[in-house]
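Sequence and computational prediction follow.
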Amino acid sequence: MTDNTASISLINIHKKFGENEVLRGISLDAYKGDVISVLGPSGSGKSTLLRCINLLEIPDQGRLLVSGEEVKMKQNRSGINQPADSRQVEQIRTRLAMVFQQFNLWSHMTILENVIEAPVHVLKIPKKQAVENGHHYLEKVGIADKWDAYPAHLSGGQQQRAAIARALAVEPEVMLFDEPTSALDPELVGEVLQVMRTLAEEGRTMIVVTHEMGFAREVSSRVVFLDHGLIMEDGDPLHLFDNPQTERFKTFIQAMV
Amino acid sequence: MDLSIILDNLDIYLQGLKNTAILVSLSLVIGLLLAVPLAILRTTGNWFVQAPVRAFVYFFRGTPLLVQMFLVYYGFGQFELIKSSILWPLFREAYFCALFTFTLNTCAYTTEIIRGAIKATPVGEIEAALAAGMSKMKMYRRVILPSAFRRALPAYSNEIIFMLHGSSLASVITIIDITGAARIVNSRYYSPYEAFLTAALFYLGLTFCIVFLVKRLENRWFAHLQPQVQEKTQRKPV
């Protein structure tokens, strides 16, 4: 594996929900250190695209490679694509981490238990070390003192930061963010974006589905604009925002500002 | 009201208490152990796996416990197949018949309770478990079941109490449980009031213990749902 192998490589991804073709042939490479903001109107398929990367949705067509390793697919009797090897899927998921719009912390576990769950029970890291790391990541996202609280006892912003700590704890190759600030009260958005900004500056590979134009413009290294299941624009944010190539993106930016 | 009747016969009641306690706790434990895998099958299995579980649950929830017990205790003896099998020494015993029926009965109800709790697992928590790379087994063990058991506890504590009270039917097939003890005392002294009031007090006492234990369990398990206490009890890092 050479250095210029893409961390994530999507080749001609298609996905249908019933008659509704949500993704109509998406190809995208994400390299180490990339911070890619995925923009698009609602229903454009951006969340579906993200969920195809860690196989929460299974693409109907197309290939997915994670650090050069291709996810093996097979077709079931009805001709629908399915992962051929569930072990491989689980293994690949441990190398990616996802931060959800609704946080999705495990509600019966404390914050620290949430953070050490995957390291201890999936990656089999010794518990003592995982706890140590866990406290470190909680400190990093600024909620070190909340380690023994339950998710329901935290504010939305704190919960999302806990979810980011949980994602960090598996030392993922790529972090996937699915509209991480969309469920937050406006005054709590900043604290989460600040944490994400720090992560971007550390050089972590991130793919962020977002409506935060400021984040897309200032933090990300690359912006992808999706509409009706196709990539309409793809490029450097500064260049793209000032010179939109398509009418769709132009109206989209205007509507968002 | 003649208390001396009760005091003179306390040993019969204690014998009854022992039988009730063993019968109920054994059937609850075995029933619960069987109900967990059945509930999982009921939520994940395909139609062919689900059908027998559904039928089992439907039968035991759809018929009275007393009828079920009669079917086992009186009914099984009709079948040469059972009579000649190695299980017959067991099914000849009233005690085993009661235990067998109670276990299956509570198992059916518990299966439904747990199935409902599993189904109510927040989708997001399941997705988070999948995204973390958990296998299905691990996800059940670490996320779905621990959270389902918590949700199931209030309904299950009801089932425990129903089972306790339902167990009084065992006295009909010659078992000396608490109710059986009361029937003996009543038939000896013709004093139904004293005899059955004492039985009622025993059941009340047992129910009190169950409610108390469930409450303690709830306090521990439901910490994540309770409002935060002011003075934070210092917990050691896990």
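Noted; the coordinates are in hand.

burial of B:S191, as a residue count?
When neighbours are counted by other Cβ atoms under 10 Å in any protein chain shown, B:S191 registers 16. Any C-beta I mention is one placed from the backbone N, CA and C, and that applies to glycine too.

and if you look at the one 4 residues further on?
When neighbours are defined as other Cβ under 10 Å, B:A195 has 25 of them.

Okay, and it sits in which element?
For B:A195, the host element (DSSP states H and E) is helix B:192-221.

from the middle of its chain, how far away would that helix be?
14 Å (Cα atoms, centre = their mean, to the nearest Å).

same question, stretch B:53-66
Distance of stretch B:53-66 from the chain centroid (Cα atoms, centre = their mean) equals 15 Å.

try stretch B:45-64
In terms of Cα atoms, centre = their mean, the centre of stretch B:45-64 is found 18 Å from the chain centre.

so, in contact with chain A or not, that stretch?
No. Legend: contact between stretch B:45-64 and chain A by Cβ under 8 Å from any Cβ of the partner chain is lacking; minimum distance shown is 13.6 Å.

Report whether A:M232 is found in a strand, as I expect.
Yes. A:M232 forms part of a strand when assessed by DSSP: H, G, I helix; E, B strand; the rest coil.

Closest to the centroid, which residue in chain B?
For chain B, B:L28 is the residue whose C-alpha lies nearest the centre (Cα atoms, centre = their mean; 3.3 Å).

So it, which state does it fall into?
Secondary structure for B:L28, judged by three-state DSSP, is helix.

Now do the contacts for it.
Shown in contact with B:L28 (Cβ atoms under 8 Å, 6 or more residues apart in numbering or on different chains): B:T106, B:I160, B:M163.

any idea of the pLDDT on residue 206?
No chain in the question, so chain A it is. At A:M206, the model reports a pLDDT of 95.

could you do chain B instead?
Per-residue pLDDT puts B:L206 at 96.

Which residue, neighbours along the chain excluded, lies closest to it?
Computed as Cβ to Cβ, 6 or more residues apart in numbering or on different chains, the closest residue to B:L206 that is not its neighbour in sequence is B:L164, at 5.9 Å.

Verify the stated contact: that neighbour with B:I210.
Yes. Applying Cβ atoms under 8 Å, one finds B:L164 in contact with B:I210, separated by 7.0 Å.

Looking at the two, which one has more neighbours?
When B:L164 and B:I210 are compared for neighbours, B:L164 comes out ahead with 21 against 16, by other Cβ under 10 Å.

Okay, the closest residue to A:V195 other than its chain neighbours and chain B: tell me how far apart.
The shortest distance from A:V195 to any non-neighbouring residue, by Cβ to Cβ, 6+ apart, is to A:V141 (5.0 Å). Per Cβ to the nearest Cβ, to the nearest Å, A:V141 is found 17 Å from chain B.

Listing request: residues of chain B with sub-threshold pLDDT.
In the predicted model, chain B carries pLDDT under 70 at residues B:228-238.

Helices of that one, start to end?
Taking DSSP state H as the test, the helices found in chain B are B:3-8, B:10-44, B:47-62, B:65-70, B:80-83, B:88-91, B:94-119, B:123-131, B:136-139, B:145-166, B:178-189, B:192-221.

For A:L10, find the nearest of the ones you listed.
A:L10 lies closest to helix B:123-131 among the helices of chain B, at 17.3 Å (Cβ to Cβ).

And the contacts of the closest one?
The contact list for helix B:123-131, computed with Cβ under 8 Å, 6+ apart, reads A:54, A:56, A:93, A:96-98, A:100, A:102-107, B:138-139, B:142-144, B:147.

Please identify the buried residues of the helix holding B:A195?
Buried positions in helix B:192-221, judged by neighbour count with 16 or more other Cβ atoms under 10 Å in any protein chain shown: B:E194, B:A195, B:F196, B:T198, B:A199, B:F202, B:Y203, B:L206, B:I210, B:V214, B:E218, B:W221.

That helix packs against which elements?
In terms of contacts (3 or more Cβ pairs under 8 Å, 6 or more residues apart in numbering or on different chains; DSSP states H and E), helix B:192-221 is packed against helix B:3-8, helix B:10-44, helix B:145-166, helix B:178-189.

Would you mind getting the angle between that helix and helix B:145-166?
Counting by axes from the mean of the first three to the mean of the last three Cα atoms, to 10 degrees, helix B:192-221 lies at 180 degrees to helix B:145-166.

hang on, B:V24 packs against B:N105?
No. Using Cβ under 8 Å, B:V24 makes no contact with B:N105, being 11.5 Å away.

Alongside chain B, which residues does chain A contribute?
So chain A meets chain B at A:54, A:56, A:86, A:90-94, A:96-98, A:100, A:102-110, A:112-113, A:116-118, A:121-122, A:127, A:131, A:135, A:147-153, A:170 (Cβ under 8 Å from any Cβ).

just checking, which of those residues belong to helices?
Counting by DSSP H, the residues of chain A next to chain B contribute A:86, A:90-94, A:112-113, A:116-118, A:121, A:127, A:131, A:135 to helices.

Which members of those residues are classed as buried?
Using 16+ other Cβ under 10 Å, the buried ones in those are A:E90, A:I92, A:R93, A:T94, A:L112, A:E113, A:I116, A:E117, A:A118, A:H121, A:V131, A:H135.

List the contacts of the third one.
The contact partners of A:R93, taken as Cβ under 8 Å, 6+ apart, are A:N54, A:L55, B:L130, B:A131, B:A132, B:G133.
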